[in-house]
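> Sequence and predicted structure are below.
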Amino acid sequence: MAHDEGLDVGSLFHEGEIRVQKKAGVEGDTDLGRRNIHDYMPQQHREFYHQQSLIFIAAQDKQQRPWASVIVGKKGLLKTPTENEMVISGLPFSNEPIQEGLAKNDAVGLLGLDFGSRRRNRMNGRIKSRLITTHSPAIGEIADSLVRRSLTISVDQAFGNCPKYIQSRIILDNKGMTTVKKPLSPLQHSHKFSEEQRQLIEAADTFFIATQHLPDELSTKEKNSSRELYGIDMSHRGGKPGFIKFVDNNTIQWPDFNGNAYFNTLGNLQQDPRAGLLFLDFKTGSMLSVTGHAEVIWDGIDINEYEGAERLVRFKLDEAVYIPNAYPLKWSTVDASPFLAATDSWIELENRRKYNKEIEKKTNQYQSYKVVKVQDETKDIRSFYLEATSKQPLAPLSLPFKAGQFLPIKIKAADGKTHFRSYSLSDSPSQNHYRISVKRLVGDAPGLVSNLLHEQLQVGSLLESMSPKGEFVLSDNQRPVVLLSAGVGITPMISMLQSIIEDNVRTGANRLIYFIYGTQHSQNHAFRDLVDSIAKTTPWLKVAYCYSQQSVENETFTRQNQDKIQYFSGHVNKQVLQQILPIDDYEFYLCGPSEFMTATYQLLTELNITKERINYEFFGHSTILNNTLDENTLQGEATQSDKTRINQDNTKSAKAPVIVKFTRSQKETVWKPELGSLLELAESEGLSPDFGCRNGQCHACITTIKKGKVHQSVGSVSDNAVLICCATPELAHEAELKNQPLLLDL
């Protein structure tokens, strides 16, 4: 019988699936689905099912709650008389809740999984008939074997499924095995997880999930009328042992990895949060089937830090059915999926966090890094590649950084005076080096350190630096990103661009990037070749360049890659943004000179971009665009008095005098509110702490807290450290500070 390529696009996915696909950035990518999703079982699927001795099944109970179970037998358990029909020679255990949803016309979801070859095929359909018959006994047959049970299921959809994250294991001994009709132990019903069940879940590397949906066109009344209207899906999830964790006694969560981008399971949860889960203990044969409610979590630090996670799914238990020693099967040891190498377990993540926290305690000290490469990006901008000395292993293992962060350095001038500066890291966090790209400024005052770096640093030179700092980093979501920069402000944007691309490639996501850069002319355009080469091979990247002092109309380079790169004469303005950016919910990142920053920030607010979507970092002497200023009248560069006013938050500072002791210098004094920051207090006592900015940006003044609590109004550092330029004794601990001094390592 001839068939077309697959189902019509309109019938491929329901509204919930389409909404999730859109949020994940893969909406409209239906070609693969059109080829792979059928309204019949292809011949290779039928042959596959004939070889299986178990089938995973999803259905509803009388309360329309989904449950997941498994039917176990021997080879021949599944038959396909036609391409539109499957017969299963067995049923789940008779007292499982799923039995309530196995009547004629009820929807079921099926998953056939060959653990040995990691092949899996799925089928959604409706029960055509359910038979329980008796037959004449043969010699030696026991009473229960006289009863034959079977399900006949008609096909709605059949499709192959992604083999990722399946652990390979095979059944070692099921000789002479017939369909398992009764569990070896009685069922245990509960509404909370027992300790035994918790151990099973926390050790699991595999589980199965049942979800459901209704046709989009149904009314509310129809949706509440009958379970026969539902569609049911059965799917598999795999990870390292420990990839499921308990949030509380009755709530678990797991990471959602990159798959086939159909989003059947998450799309169903978008429409109906009810779900059923099935856990098998492959050592004992025990089975745990649960039903409850699930939600998809799209943003958060766990998603950002859990390797391989694109989202999290959190499940709250309603009811559990536990069957100890349910099946008499013996399985081989597990051969983990090769795709798991790029993923975490929760234990690994927590251990890494603890390790990084220990490392962070040491990274507030300056260390020596060797210059291993010097490269001119323009006539004024030079890149320096830095690697740790042999005793100091570098990122990403020991000193990781996030795209957008900066490197706080110090360097001595000829007069012996030490100067502090911070330079954005301009390379991918995945590299085993740091790269800073420094623009050489003219004049002694603004250009002192940049001139020192350009003149003194060469391959083999040593430069002192702390670990990377800063909070100008990518948000933990999948919104389209607009990277807006000018001048040397391009440096953190290069790091962000490379980081997003690497994440897209690693996870299979399609997070859109709009890279918009302004400079005077093509001759001082930094990193142009790099961005151009990335644009050629990256479908989800659009690039725009604005030259304020060069007409681009007759330039030949503007005719290259016109579908990916656009050129404009003049500054970045409203017309440029409106031409480049289609209407969407963007995350904006801004970096550049103060004039560019204030003008662009005002432009975005005029375009009704909320301040929550605008992330920024200044170059030059400005600090931050703060909401205490009039966002509609921001003009020019903030003055030092503006900065002081912006960074002061007196509501959390102590109101009464506090004794402060500087332990290294053995000096003791009294801080009062009118004395200002702890840096100013130290200077009033004749101390000379390091500083480079006095507003919390450079981290040069970072100091260890030996005892006591402080309020830091800008930035964040480790628990036992403080930026004394923007810190005061803390109001919340004022009472205890009256009785014992605040101890600082100065």
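Thanks, I have it. Numbering: from 1, shown residues only.
> Tell me, how many residues neighbour residue 47?
Neighbour count for residue 47, taken as other Cβ atoms under 10 Å: 11. Yep, even glycine has a C-beta here, placed from its N, CA and C like the rest.
> so is it in a helix, a strand, or just coil?
Following DSSP: H, G, I helix; E, B strand; the rest coil, we place residue 47 in the helix state.
> In terms of residue numbering, what are the domains of this protein?
Using the TED database, the domain parsing of the chain gives 15-135+142-216+227-347, 362-465, 481-552+563-618, 658-745.
> could those domains go into CSV alongside mean pLDDT?
Below are the domains of the chain laid out as CSV (pLDDT from 0 to 100):
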stretch, mean pLDDT
domain 15-135+142-216+227-347, 89
domain 362-465, 84
domain 481-552+563-618, 91
domain 658-745, 82
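> could you redo those as TSV and give each row distance to residue 473?
What follows is those, written out as TSV (distance: least, Cβ to Cβ, whole Å):
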stretch	distance to residue 473
domain 15-135+142-216+227-347	9
domain 362-465	4
domain 481-552+563-618	8
domain 658-745	11
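> between those, which one is nearest to residue 471?
domain 658-745 (6.5 Å; Cβ to Cβ).
> Between the two ends of the closest one, how far is it?
Terminal residues of domain 658-745 are spaced 17 Å apart (Cα to Cα, to the nearest Å).
> what does stretch 685-701 give?
OK, stretch 685-701 end separation, Cα to Cα: 16 Å.
> Likewise for stretch 534-542?
Stretch 534-542: ends 10 Å apart by Cα to Cα.
> Other residues contacting that stretch?
If you take Cβ atoms under 8 Å, 6 or more residues apart in numbering as the criterion, stretch 534-542 is touched by 25, 497-498, 501, 504, 510-515, 543, 561, 564-566, 580.
> Now do the contacts for residue 472.
Per Cβ under 8 Å, 6+ apart, neighbours of residue 472: 404-406, 492, 589, 591, 615-617.
> how much space between residue 608 and residue 459?
As judged by Cβ to Cβ, to the nearest Å, residue 608 and residue 459 stand 50 Å apart.
> buried set for stretch 240-250?
By neighbour count with 16 or more other Cβ atoms under 10 Å, stretch 240-250 contains the buried residues 240-245, 250.
> which stretches of the stretch 451-600 of the chain form strands?
Under the criterion DSSP state E, counting those that start in this stretch, strands of the stretch 451-600 of the chain are mapped to 462-465, 481-486, 513-519, 541-547, 565-569, 587-592.
> now swap in the stretch 301-450 of the chain and tell me
Secondary structure of the stretch 301-450 of the chain by DSSP E, counting those that start in this stretch: the strands cover 311-323, 330-331, 367-376, 381-388, 406-412, 418-424, 434-439.
> Which members of the contacts of stretch 534-542 are classed as buried?
Using 16+ other Cβ under 10 Å as the burial test, the contacts of stretch 534-542 include 25, 497-498, 501, 504, 510-515, 543, 564-566, 580 as buried.
> longest strand of the chain?
Counting by DSSP state E, the longest strand found in the chain is strand 119-134.
> That one - contacts with which helices or strands?
Judged by 3 or more Cβ pairs under 8 Å, 6 or more residues apart in numbering; DSSP states H and E, strand 119-134 is in contact with helix 43-50, strand 85-88, strand 107-114, strand 147-160, strand 231-238.
> neighbour-wise, which of residue 608 and residue 459 wins?
Shown here are residue 608 and residue 459; by other Cβ under 10 Å, residue 459 has more neighbours (11 against 6).
> how far away is that one from residue 123?
In terms of Cβ to Cβ, residue 459 sits 63 Å off from residue 123.
> Excluding chain neighbours, what is closest to residue 707?
Of all residues not flanking residue 707 in the chain, residue 743 sits nearest, at 4.1 Å (Cβ to Cβ, 6 or more residues apart in numbering).
> For the one you found, give the beta-bridge partners.
Residues in a beta bridge with residue 743, per DSSP bridges, are residue 661, residue 707.
> Double-check it against residue 663; I have them as touching.
Yes. Judged on Cβ atoms under 8 Å, residue 743 makes contact with residue 663 at a distance of 5.6 Å.
> Find the residues that touch each one of those two.
Counting by Cβ under 8 Å, 6+ apart, the contacts common to residue 743 and residue 663 are residue 706.
> Need the helices and strands packed on strand 119-134 in a markdown table (columns: distance to residue 731).
Shown next, in a markdown table, are the helices and strands packed on strand 119-134 (distance: least, Cβ to Cβ, whole Å):
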| stretch | distance to residue 731 |
| --- | --- |
| helix 43-50 | 68 |
| strand 85-88 | 68 |
| strand 107-114 | 57 |
| strand 147-160 | 61 |
| strand 231-238 | 48 |
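> residues contacting the residue nearest to residue 707?
Shown in contact with residue 743 (Cβ under 8 Å, 6+ apart): 661, 663, 705-708.
> Out of the residues you listed, which is nearest to residue 450?
residue 705 (33.0 Å).
> what about that closest one, is that helix, strand or coil?
Under three-state DSSP, residue 705 falls in the strand class.
> circling back to that earlier point, mind putting the contacts of residue 472 in CSV, neighbour count and distance to residue 729 included?
Putting the contacts of residue 472 into CSV (neighbours: other Cβ atoms under 10 Å; distance: Cβ to Cβ, whole Å) gives the following:
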residue, neighbour count, distance to residue 729
404, 25, 31
405, 22, 29
406, 22, 28
492, 27, 33
589, 24, 35
591, 27, 34
615, 19, 31
616, 19, 30
617, 26, 29
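> Cool, thanks, signing off.
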